[in-house]
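Student: with the sequence up front, the predicted model follows.
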Amino acid sequence: MRPLIIEDSPRGAPGSAGSSGDDGAPATGTVALVDDRLGQAVLMRRRHRRVPPPESSFAGFRFPREVIVLSVRWYLRYGLSYRDVEELLAERGIEVDHVTVYRWVQRFTPLLIDAARPCRHAPGDRWFVDETYVKVAGRWRYVYRAIDQFGQVIDVLVSEKRDLSAARRFFTSALRHGTAPTEVTTDRAPAYSRVLDELLPAACHAMKKYANNPIETDHGRLKARLRPMRGLKRLQSARVISAGHAFIQNIRRGHYELGVEEPTTPQVMGCR
């Protein structure tokens, strides 16, 4: 290795560190080498900086995530009000206000649905489609729902109107969950025929009498859940609760492969 030689020359003299040569180019010396090494060290520190892990969706909440998920499940599964969930938690020594339970349901229901979506079974090839009615802020709104021959709720859509646009949006969203069906059973609403001819021209469209009884019977479970609520105030709440109720029904019916023995993580998507 070639030794480093430092010349003891006055500042500004030719050949000294920090001075310029006759041609105007900066001279090289100890100061220049030190500056280069310091610059490389700064770049290396920036390059190897560790990226922090993503923040948990439960961060900032005072209660454990097990309490939050259990409260959301109770509310979506059983015909309970927010005050009923508050009372059940109080019996177990957990003081929670019913408004907090409402916020948990609105915030975490879509997150839990998205987290479990990769574990969901593919829908069957026979669909039963129908719409029902719910009252939101004193007005009747329409809930489009579809199930397959195995009882799996494929999709739910809450709409302000019952028209061609709403039917098209519902089928477009439902087709994202798997393969296209070979048979679709509906009532005699004209919008269904037009949408099916547009989106599913190869599917058989059945409109026989009593053929749509499976989906009409399944509407009753949603109505039983909404009945203790004494009406909904916001359209967004109707959408969250309708989708969450379908999610819990699919879990009960075995349409999800959830790994209960896998290690959990602080994130919602890690909860199985």
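Tutor: Good, I have the coordinates. Residues are numbered from 1 along each chain as shown.

Student: which helix or which strand is home to the nearest residue in space to Leu199 that is not next to it in sequence?
Tutor: Nearest residue to Leu199 in three dimensions, chain neighbours excluded: Phe171, at 5.3 Å (C-beta to C-beta, 6 or more residues apart in numbering). Backbone N, C-alpha and C define where each C-beta goes, glycine included. Taking DSSP states H and E as the criterion, Phe171 maps to helix 164-174.

Student: can you pull the buried residues of that helix?
Tutor: Under the neighbour-count criterion of 16 or more other C-beta atoms under 10 Å, helix 164-174 has 166-167, 170-171, 174 buried.

Student: pLDDT wise, what is the one residue sitting closest to the centre of the chain at?
Tutor: Computing the C-alpha centroid of the chain and ranking residues by C-alpha atoms, centre = their mean puts Asp114 first, at 3.4 Å. pLDDT, Asp114: 92.

Student: where's it, which helix or strand?
Tutor: Under the criterion of DSSP H and E, Asp114 resides in helix 98-116.

Student: show the contacting residues for Thr186.
Tutor: Taking C-beta atoms under 8 Å, 6 or more residues apart in numbering, we find Thr186 in contact with 128-130, 192, 196, 205-207, 212.

Student: apply 10 Å and report the result again.
Tutor: Applying C-beta atoms under 10 Å, 6 or more residues apart in numbering, one finds that Thr186 lies in contact with 127-131, 146, 167, 192-193, 195-196, 205-207, 211-212, 215.

Student: that one and Ser159, how far apart?
Tutor: Distance of Thr186 to Ser159, computed by C-beta to C-beta, to the nearest Å: 16 Å.

Student: for Gly254, which three-state class applies?
Tutor: With DSSP: H, G, I helix; E, B strand; the rest coil as the basis, Gly254 sits in coil.

Student: how many residues are close by it?
Tutor: Residues lying near Gly254 (other C-beta atoms under 10 Å) number 11.

Student: related to what we said a few turns ago, sitting in strands, which of the contacts of Thr186 do you find?
Tutor: Among the contacts of Thr186, the ones falling in strands (DSSP state E) are 127-131, 146, 205-206.

Student: of the residues you listed - the most surrounded one?
Tutor: Neighbour max across these (other C-beta under 10 Å) = Ala146, 28 neighbours.

Student: show me what that residue is bridged to.
Tutor: Applying DSSP bridges to Ala146 gives these bridge partners: Val129, Asp155.

Student: any idea how far it lies from Pro181?
Tutor: Separation of Ala146 from Pro181 (C-beta to C-beta) stands at 9 Å.

Student: give the contact list for His98.
Tutor: For His98, the contacting residues are 81-87, 89, by C-beta under 10 Å, 6+ apart.

Student: apply 8 Å and report the result again.
Tutor: 81-83, 85-86.

Student: which one of those is nearest to Arg234?
Tutor: The nearest member of the contacts of His98 to Arg234, counting by C-beta to C-beta, is Tyr82 at 14.0 Å.

Student: the closest one touches Leu76, doesn't it?
Tutor: No. Using C-beta atoms under 8 Å, Tyr82 is not in contact with Leu76; the gap is 12.0 Å.

Student: joint contacts of the two?
Tutor: Shared contacts of Tyr82 and Leu76 (C-beta under 8 Å, 6+ apart): Val105.

Student: hang on, Phe170 packs against Lys161?
Tutor: No. Using C-beta under 8 Å, Phe170 is not in contact with Lys161; the gap is 11.9 Å.
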